[in-house]
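Enquirer: A structural model of the following input is requested.
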Amino acid sequence: MPRLTGGNGEDAKVQALRAVGALYPHPERVLDPLFRNSEFFDPRDLALVKYEMLRRVQVDGLPVAQATRAFGFTRPVFYHALAAMEAAGLPGLIPQRPGPKGAHKLSAEVLDYLADLLAQDPALRSADLARQALRKFGLAVHTRSIERALTRRKKGR
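Expert: Numbers count the residues shown, from 1 in each chain. This is a model prediction of the structure:
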């Protein structure tokens, strides 16, 4: 099967895997025979490599230590992948971006309050709003976080 290449010489699959954070940075560590010269078993596909490692242990009965060596992972990675697969199925094997998943301090209540203050006095700066959030809610919030949250809110996201 021919591989489509992108503008930078990478094939389309590598670009797609990189875009979602699922490009295995060490495909050369995958020693399992299924991944040699196969169009389907691609050692660059992190989720596929982890799935096959789990399958080899769960279905084929391969010892965990042997499977981790064959797929280029450590035992802790195996157990983390197993827990992720049990919790979320295949999507659990796709790496998630680290860090908070949203504005955890700036709740709707806090943003409503800050937006009301800003509507009453458009000359308020984000530093003024941060002081008000600290005074009223006891929240220490960075001024840039306030600016981003209010901008997102204004755009309707």
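Enquirer: Could you look up the SS state of the residue nearest to Leu139 when sequence neighbours are not counted?
Expert: Using C-beta to C-beta, 6 or more residues apart in numbering and skipping the chain neighbours, the partner closest in space to Leu139 is Ala133 (4.8 Å). Bear in mind the C-beta positions are built from the backbone N, C-alpha and C, glycine included. Going by DSSP: H, G, I helix; E, B strand; the rest coil, the secondary structure assigned to Ala133 is helix.
Enquirer: Which parts of the chain belong to which domain?
Expert: As given by automatic domain parsing, the domain ranges for the chain are 12-93, 108-155.
Enquirer: can I get the ones you listed in JSON lines with mean pLDDT?
Expert: Supplementary listing: those in JSON lines, determined by pLDDT from 0 to 100:
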{"stretch": "domain 12-93", "mean pLDDT": "94"}
{"stretch": "domain 108-155", "mean pLDDT": "91"}
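Enquirer: a helix runs through Ala84, doesn't it?
Expert: Yes: going by three-state DSSP, the assignment for Ala84 places it inside a helix.
Enquirer: Quick check: the gap between the nearest residue to it once chain neighbours are set aside and Leu82.
Expert: Closest residue to Ala84 apart from its sequence neighbours, by C-beta to C-beta, 6+ apart: Gly92 at 3.5 Å. Relative to Leu82, Gly92 is positioned 10 Å away (C-beta to C-beta, to the nearest Å).
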